[in-house]
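Undergrad: here are the coordinates; sequence isn't available:
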């Protein structure tokens with residue numbers, strides 16, 4: 001899956017160029033927060049989720065390949081991982097890790113080895 005990790009799957013309902021900022025994000029077992037930022041960059045598409053109080057105001061970077069569905073009417077994004085898997089992912093620091101290929105490799109490796 002790692003080669004497809006950084007692109008939206010055709011079945012998600014994502015339209016390139018559409019804004020996902022502010023959408024609620026749902027793991028397989030519940031809500032994890034809202035989209036703070038997203039990228040449609042080819043080979044590096046992802047969303048950054050503000051988890052709020054769930055994990056003490058942290059941000060998590062989720063590769064677009066983890067998105068299982070997007071409900072534009074409800075403004076929700078469904079992620080194909082559990083809350084625990086997302087909580088245990090390598091920490092995301094938007095000032096250090098944005099655009100960092102090494103960090104993307106680390107995240108891709110983590111989620112690739114923690115499939116449902």
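TA: Sure thing, it's come through. Please read these numbers as outputs of a predicted model, since none were measured by experiment.

Undergrad: Every contact and neighbour count from this point should use C-alpha atoms.
TA: OK.

Undergrad: how much space is there between residue 34 and residue 62?
TA: Residue 34 sits 12 Å away from residue 62, going by C-alpha to C-alpha, to the nearest Å.

Undergrad: between those two, what contacts are shared?
TA: Residues touching both residue 34 and residue 62 (C-alpha atoms under 8 Å, 6 or more residues apart in numbering): residue 49.

Undergrad: The longest strand seen in the chain: partners in the sheet, and parallel or antiparallel?
TA: Determined from DSSP state E, the single longest strand within the chain is strand 30-39. The strands beside strand 30-39 in its sheet (DSSP bridges) come out as strand 24-27 (antiparallel), strand 46-50 (antiparallel).

Undergrad: now the strands: where do they sit in this protein?
TA: Taking DSSP E to define them, one finds strands in the chain at 24-27, 30-39, 46-50, 59-63, 67-71, 76-79.

Undergrad: Tell me which of the strands paired with strand 30-39 sits most buried.
TA: strand 46-50 (a mean of 23; mean count of other C-alpha atoms under 10 Å).

Undergrad: Not counting its own residues, what contacts it?
TA: With C-alpha under 8 Å, 6+ apart as the test, strand 46-50 has contacts from 6-7, 25, 32-40, 57-65.

Undergrad: run the last query once more with 7 Å
TA: Applying C-alpha atoms under 7 Å, 6 or more residues apart in numbering, the contact partners of strand 46-50 are 6, 33-40, 57-64.

Undergrad: now stretch 22-38
TA: 20-21, 46-52, 54, 75-83.

Undergrad: So what's the gap between the helix or strand of the chain with the lowest mean pLDDT and the chain middle?
TA: The weakest-scoring helix or strand in the chain, judged by mean pLDDT, DSSP states H and E, is helix 94-97 (a mean of 82). Distance, stretch centre to chain centre, for helix 94-97: 15 Å (C-alpha atoms, centre = their mean, to the nearest Å).

Undergrad: And it, what's buried?
TA: Going by neighbour count (16 or more other C-alpha atoms under 10 Å), nothing in helix 94-97 comes out as buried.

Undergrad: in stretch 40-58, what counts as buried?
TA: Buried residues in stretch 40-58, counted by 16+ other C-alpha under 10 Å: 40, 44, 45, 46, 47, 48, 49, 50, 51, 58.

Undergrad: Great, nothing more from me.
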